[in-house]
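A.B. asks: here's a sequence, model it:
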Amino acid sequence: MVFTLVGGASLCGAAALVLLIISTATDYWMQYRYSGNAANQGLWRFCINRKCHAHTLSVAFWDATRAFMLLSVLGCFAGVLLGITASKRPRSRRVQTGGIALLLSGFLALLALAIYTGMTISFFGKRYIDLRFSWSYILGWVGIILAFAAGILQLCAYQRGVSEAAPASVSDS
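C.D. replies: All right, here's what the predicted structure looks like:
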């Protein structure tokens, strides 16, 4: 049972890692209309009529979102790597550390997406017509759910492995 928990955690963590990387790297966090043209933007650049340009403004919420998403990807990578390397030994502290890293990764991505959501609605919501969040943004939310699930599964595997290893106490009476 413990091996299936670690395996499930590794699978969830790997899926979360892929989704967080795709979400961070792609340009479809938001779609809108700009001067009658279709436009979209991501964390690193914006595109109008399929011509993309790097963000020239250094806006604090973009910088914060970028930083938290990059830290989230690194944390998720560490958690998956620790989980995979310790999958044969569920009582290993690596499983516990990997679970904590995955939970931290989910929290950092949650923080990034919460900042982006709040600032996008207040900053861009009044300026652009047909503003909507797009698939890169949604993949980030799915990645958060998977990172949290992977972290919880790894911590459960560690707890179960420790409880199975504890010897049963025999009373002498």
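A.B. asks: ranking helices and strands of the protein by mean pLDDT, which lands last?
C.D. replies: In the chain, no helix or strand scores lower on mean pLDDT, DSSP states H and E than strand 129-133, which sits at a mean of 83.
A.B. asks: so what strands line up beside that one?
C.D. replies: strand 30-34 (antiparallel) (DSSP bridges).
A.B. asks: which is the next helix or strand following the partner strand?
C.D. replies: Under the assignment DSSP states H and E, the closest C-terminal helix or strand after strand 30-34 is strand 37-41.
A.B. asks: would you mind writing the CA trace of that next one as PDB?
C.D. replies: Extracted as PDB, the C-alpha positions of strand 37-41 are listed here (Å, rounded to 0.1, in the frame of the first residue of the first chain):
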ATOM      1  CA  ASN A  37      -7.600  43.100 -32.500                       C
ATOM      2  CA  ALA A  38      -7.300  39.800 -30.600                       C
ATOM      3  CA  ALA A  39      -4.600  39.900 -28.000                       C
ATOM      4  CA  ASN A  40      -3.200  37.600 -25.400                       C
ATOM      5  CA  GLN A  41      -0.500  37.800 -22.800                       C
END
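A.B. asks: which positions in that strand come out as buried?
C.D. replies: Using 16 or more other C-beta atoms under 10 Å as the test for burial, strand 37-41 gives 39-41. All C-beta spots, glycine's among them, are computed from the backbone N, C-alpha and C.
A.B. asks: how about low-confidence regions in this protein?
C.D. replies: 1-3, 89-91, 129, 165-173 (pLDDT under 70).
A.B. asks: helices along the chain, start to end?
C.D. replies: Using DSSP state H, the helices of the chain run over 2-25, 60-85, 93-123, 135-165.
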